[in-house]
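A.B. asks: Give me coordinates for this.
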Amino acid sequence: MDEPRRTAPLAELLPPMTEQEAAVEANRCLYCYDAPCLQACPTHIDIPTFIRKIATGNLRGSARTILESNFLGGTCARVCPVEELCEGACVLGKDHTPIQIGRLQRHAVDHVWQRDIEIFRKGEPTGRSVAVVGSGPAGISCAGELAKLGHDVTLYEKRELGGGLSTYGIIVLREPVEVAQRELRSLTRLGVEVRTNTEIRTRPDLQALLARHDAVFLAVGLGAVPAMGLVGEEHVTDGLSFIEASKLDPDHLHVGREVLVIGAGNTAVDAATIARRGADVTMVYRRGEDQMTAYRHEYEFALLEGIRYRFHTQPIRVLSEHGRVTGLECLRVELGGLDASGRPTPILVAGSEFVLPCDQVITAVGQEKPALAVELGLETEKGYIRVDDDLRTSAERVWAGGDCVRVRGSASTVMAVQDGKLAARAIHADLTANAPTTTITVTPSVTGEVNHG
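C.D. replies: Numbers count the residues shown, from 1 in each chain. This is a model prediction of the structure:
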């Protein structure tokens, strides 16, 4: 058996800013009144304020401004689609270069992390207890906000490491594992108990949590990667597993010489980017460039990486000899009328079979809806957990957020973080409804006082 083919060393694509670089970039900011970048941020970070604090050398204050609005400021600084959000809204982007908001945010948050500075402490105890199921961005965000408000929080995670996709599913080129683990450590320093290797699978499991806690927040993400129904699919590499291996065991990551990646979303681009470190890579997609679900800047990034695209192509069979992949048989596709997703329907062209030679096939075609919702007896909407405007589910004292409720809008880390904040606010309001002196907020200051802004 051949040794796994190793990729080039994996590290963050963008280096950290130096103090000089950060100061120069921060001083480019116009500090707009009613800044469009702030409006474009789903977590409503006060971007002009945190940048101004960098410009004046107040990095701790800058980090606090960020983290008060977004407990996962370090992760989001790296993985947010800033080109589509804050930087895309920057007024300097029209005629000049937009402010590098993401890199400045990373500079400020990393400053306090590297010096082991904790911005927050646990609030005055409320005597109430909350269970958070799932330690991805929504779960960490909710747990952090609740702990800051003084609630006892236990975070339940089914895997060995916490962090969800930040740990397992975001490529090292964007976010190293250590970033997610630092955010988890910030939780434990707020008194949050993290229980890994603990899975909630059934309705009795949920009832047991409700018997031990006053409220439950579900941040369980999505389900398994669906099978594509290809002949020879047993020879296919799952994209999420491929990315996970690249993060946790890169020395043993197998990468072929000619790799095909099926799919055209952000995960597919990530898998192709990793494979490109050791192979020639082509992405195979049944629709066209305009129908890709990946962000436009991700598509262009892949092109710059030397990744090729094969559009209007439907895989039907993985070819192999003696257990080794030799090619991918495909059909040509024509596009018809719009389907339920609002995109053109792929129509296979009979008799158009052709073979793309390769020695590895990776699939990244999304994930199934959260099957756990049915097991827990929760109402669903289009397969996702149904929630109201306060993220309350159909079960009493149970809230949910993140990808598992994302029936509308795009699933992303920053949207999950905001869900965690909103759920924490709603849970806090519910648990303290009979305490008239309690002020409902999600941003207590470092001194334990309450911010009303």
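A.B. asks: which parts of stretch 397-416 are buried?
C.D. replies: Buried residues in stretch 397-416, counting neighbours by 16 or more other CB atoms under 10 Å, are found at 397-406, 411-416. In short, each C-beta sits where N, CA and C put it, glycine included.
A.B. asks: By residue count, which strand of the protein is the longest?
C.D. replies: strand 324-338 (DSSP state E).
A.B. asks: Can you list the strands that it pairs with?
C.D. replies: Partners of strand 324-338 in the sheet, by DSSP bridges, are strand 313-321 (antiparallel), strand 344-348 (antiparallel), strand 354-357 (antiparallel).
A.B. asks: any idea how far that strand is from the chain center?
C.D. replies: 29 Å (CA atoms, centre = their mean, to the nearest Å).
A.B. asks: Show me what it is in contact with.
C.D. replies: If you take CB atoms under 8 Å, 6 or more residues apart in numbering as the criterion, strand 324-338 is touched by 235, 256, 260, 262, 284, 286-288, 291, 312-320, 344-350, 352-361.
A.B. asks: Now restrict the residues you listed to buried residues only.
C.D. replies: 256, 260, 262, 284, 286-288, 291, 312-315, 317-319, 344, 346, 356, 358-361.
A.B. asks: What segments of the stretch 201-350 of the chain are helices?
C.D. replies: Assigned helices in the stretch 201-350 of the chain, in chain order: 203-212, 239-248, 266-276, 296-304 (criterion: DSSP state H, counting those that start in this stretch).
A.B. asks: Next, format those helices as TSV and append mean pLDDT.
C.D. replies: Listed next are these as TSV, based on pLDDT from 0 to 100:
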stretch	mean pLDDT
helix 203-212	96
helix 239-248	94
helix 266-276	95
helix 296-304	93
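A.B. asks: could you say what helices and strands the strand or helix carrying C142 packs with?
C.D. replies: With elements delineated by DSSP states H and E, C142 resides in helix 137-148, which encompasses its position. If you count contacts as 3 or more CB pairs under 8 Å, 6 or more residues apart in numbering; DSSP states H and E, helix 137-148 packs onto strand 129-133, strand 152-156, helix 177-189, strand 215-218, helix 413-431.
A.B. asks: and of these, who's closest to R52?
C.D. replies: Set against R52 and scored by CB to CB, the helices and strands packed on helix 137-148 come closest in helix 413-431, at 21.9 Å.
A.B. asks: Tell me the buried residues in the closest one?
C.D. replies: 413-428, 430-431.
A.B. asks: same check, this time on stretch 370-384
C.D. replies: Residues of stretch 370-384 classed as buried: 370, 372-373, 376, 378, 380, 384 (neighbour count, 16+ other CB under 10 Å).
A.B. asks: Span of it from start to end?
C.D. replies: Across stretch 370-384, the straight-line distance between its terminal residues is 6 Å, by CA to CA, to the nearest Å.
A.B. asks: Rounded mean pLDDT for that stretch, please.
C.D. replies: Taken as a whole, stretch 370-384 has an average pLDDT of 91.
A.B. asks: Tell me, how many residues neighbour G191?
C.D. replies: Neighbourhood size, G191 [other CB atoms under 10 Å]: 16.
A.B. asks: mind checking pLDDT for it?
C.D. replies: For G191, the model assigns a pLDDT of 96.
A.B. asks: how about it, what does it touch?
C.D. replies: For G191, the set of contacting residues under the criterion of CB under 8 Å, 6+ apart consists of 122, 147, 152-153.
A.B. asks: So which of those residues is the closest to R78?
C.D. replies: Using CB to CB, A147 is the member of those that sits closest to R78, with 23.4 Å.
A.B. asks: quick one: pLDDT of that closest one?
C.D. replies: Taken from the predicted model, the pLDDT recorded for A147 is 98.
A.B. asks: Could you find the closest non-adjacent residue to it?
C.D. replies: Taking CB to CB, 6 or more residues apart in numbering as the measure, A147 lies nearest to L190, with 3.9 Å between them; neighbours along the chain are not counted.
A.B. asks: For the residue nearest to C404 when sequence neighbours are not counted, which residues are in contact?
C.D. replies: Spatial nearest neighbour of C404, chain neighbours left out: P370 (4.3 Å); criterion: CB to CB, 6+ apart. Contacts were defined as CB under 8 Å, 6+ apart; by that measure P370 touches 220-223, 383-385, 403-404.
A.B. asks: from these, which is closest to P81?
C.D. replies: The closest of the contacts of P370 to P81 turns out to be D403 (CB to CB; 15.4 Å).
A.B. asks: What sits closest to the closest one if chain neighbours are left out?
C.D. replies: Sequence neighbours aside, A411 is the residue nearest to D403 in space, at 4.5 Å (criterion: CB to CB, 6+ apart).
A.B. asks: With I117 instead?
C.D. replies: Closest residue to I117 in three dimensions, ignoring its sequence neighbours and counting by CB to CB, 6+ apart: R60, at 6.3 Å.
A.B. asks: distance between stretch 72-89 and the chain's centre?
C.D. replies: Taking CA atoms, centre = their mean, one finds the center of stretch 72-89 at 11 Å from the center of the full chain.
A.B. asks: quick check: mean pLDDT across that stretch?
C.D. replies: Stretch 72-89 comes out at a mean pLDDT of 96.
A.B. asks: Could I get the buried residue list for it?
C.D. replies: 72-89.
A.B. asks: Take these and keep only those in helices.
C.D. replies: Where the buried residues of stretch 72-89 overlap with helices, as defined by DSSP state H, the overlap consists of 73-79, 86-89.
A.B. asks: Quick one, which of the buried residues of stretch 397-416 has the minimum pLDDT?
C.D. replies: In terms of pLDDT, the weakest of the buried residues of stretch 397-416 is A411, which scores 76.
A.B. asks: Contact partners for it?
C.D. replies: A411 makes contact with 222, 402-403, according to CB under 8 Å, 6+ apart.
A.B. asks: Name the nearest of the residues you listed relative to W113.
C.D. replies: Taking CB to CB as the measure, W113 sits nearest to G402 out of the contacts of A411, at 23.6 Å.
A.B. asks: How about the closest one: what's its closest non-neighbour residue?
C.D. replies: In space, G402 is closest to A138, 3.1 Å off (CB to CB, 6+ apart).
A.B. asks: taking the buried residues of stretch 370-384 one by one, which sit in helices?
C.D. replies: With DSSP H as the criterion, helices contain 372-373 from among these.
A.B. asks: Sounds good, over and out.
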